[in-house]
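Chemist: Following is a predicted model, sequence given first.
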Amino acid sequence: MSFRTLHDHGVIARYREFLPVTEATPVISLNEGSTPLIHSPKLSARVGRDCEVFIKYEGLNPTGSFKDRGMTLALSKAVERGAQAVICASTGNTSAAAAAYAARASITCIVLLPAGKIAFGKLAQAFMYGAKVVAIEGNFDDALRLVREIGETEPIAVVNSINPDRLEGQKTASFEIIEELGEAPDVHILPVGNAGNISAYWLGYQEFHALKRSSRMPVMLGFQAAGSAPIFHKRVIEKPETIATAIRIGNPASWDKANAAIAHSGGAVDIVTDEEILAAQVWLASHEGIFVEPASAASIAGLFKSLDPASGRAYDAALFPEGAKIVCTVTGHGLKDPDVAKDKCGGVIPAKAERGEILRLIGA
Ligand code: F0G
């Protein structure tokens, strides 16, 4: 296999004709995308009525989250325009991706993070990839406001999802799903924070539908954490809180785009509590072998909520058509946020290094 072929696997290589790139665009890639769409027999059985549930496992991207899809494009375009530095605000995953792709492009990366609210794995990534890490006294919304201001006056490219190149890259996840299923799903469920991803998926679904690569478009269902749910409550949340720190956001940048996606698709934005998120995270790991970070589990918690008649849900699962294909995006890898799993790790069985004792302890 030639060197060229080895490096020809990222989302720009796969979907070049649908992306704003030319021959002059340098491709900054880590072979992101082409993530598994995993069929879940257990979730399908819970939904019933011959429905099939698939999990789009975005934690298997190079930096462990869906952000890599947008970042390959954002960094490639920034370098094409001559940028020497990029900046982003982040709850952790955007900063990890920006730092990795900036390292790959040999340019400077500055990340603004809410102090004390970043999962350890993500912080470690930003440091290891060599970013300048600034921890502000404030939340993500404050950090994004500062990044916008800095981007207006300084020669530094903003690589948050207010940069349209990010959404262009992220829409490729919809393309992959359509190609793998041979059709768009009936329902697509995903977590919502800054609301870029739901907007990007909708862009992708619309685009492939217009090109007749699919004959339908899915109902989009977004789930916010109950303590950080501005779209659901239709107002800015000044002090957002949730254990799912990735979606601890009170004033999403792509609010209008997300509302449009929800309205056009006949979907909804609903909320899930931290307890529901953690329960879904453990369920997915222990029943399907898929370990995701808490924010990602919001989509699974959302599916469960849709199935529960007593939940006060905004969207009724009775509306899932018989035989529906349902895709849940899980956005980030569980190893990014090991602290959340710590409580679960207390239950080890101490033993002497002795065969007999071990057999007795495990009840063999
Ligand atoms: N899931 C994870 C794991 C995330 O990191 C994010 C956002 C989302 C879901 C929500 O996606 O913002 O497009 O609605 N993380 C951003 C960050 C804010 O800085 O890493 P969204």
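Modeler: Thanks, I have it.

Chemist: How about the residues of this structure by the ligand?
Modeler: 65, 67, 90-94, 161, 191-197, 246-247, 293, 295-296, 331-332 (CB under 6 Å from any ligand atom). C-betas here are computed from N, CA, C, even on glycine.

Chemist: what packs against the strand or helix carrying D339?
Modeler: For D339, the element it lies in under DSSP states H and E is helix 338-342. Under the contact criterion of 3 or more CB pairs under 8 Å, 6 or more residues apart in numbering; DSSP states H and E, helix 338-342 touches helix 120-128.

Chemist: what is the orientation angle of the following helix or strand past the helix it packs on with helix 120-128?
Modeler: Reading on from helix 120-128 to the C-terminus, the next helix or strand found by DSSP H and E is strand 132-136. Using axes from the mean of the first three to the mean of the last three CA atoms, to 10 degrees, the interaxial angle of strand 132-136 with respect to helix 120-128 works out to 130 degrees.

Chemist: for strand 132-136, packing partners?
Modeler: Counting by 3+ CB pairs under 8 Å, 6+ apart, the packing neighbours recorded for strand 132-136 are strand 108-114, helix 120-128, helix 140-153.

Chemist: do that again at 7 Å, thanks
Modeler: Helices and strands in packing contact with strand 132-136 are listed as strand 108-114; criterion 3 or more CB pairs under 7 Å, 6 or more residues apart in numbering; DSSP states H and E.

Chemist: quick one: strands adjacent to the strand it packs on?
Modeler: Strand 108-114 has the following strand partners under DSSP bridges: strand 85-89 (parallel), strand 132-136 (parallel).

Chemist: now that strand and helix 140-153, what's the angle there?
Modeler: Following the same axes, to 10 degrees, one obtains 150 degrees for the angle between strand 108-114 and helix 140-153.

Chemist: what's the helix or strand for I300?
Modeler: Counting by DSSP H and E, the element that carries I300 is helix 294-307.

Chemist: Show me what the very next helix or strand once past that helix is in contact with.
Modeler: Taking DSSP H and E as the definition, the helix or strand that follows helix 294-307 towards the C-terminus is strand 325-330. Contacts made with strand 325-330 from outside it, assessed by CB atoms under 7 Å, 6 or more residues apart in numbering, are listed as 47, 51-59, 173, 177, 181, 185-190, 290, 292, 296, 299-300, 303, 320.
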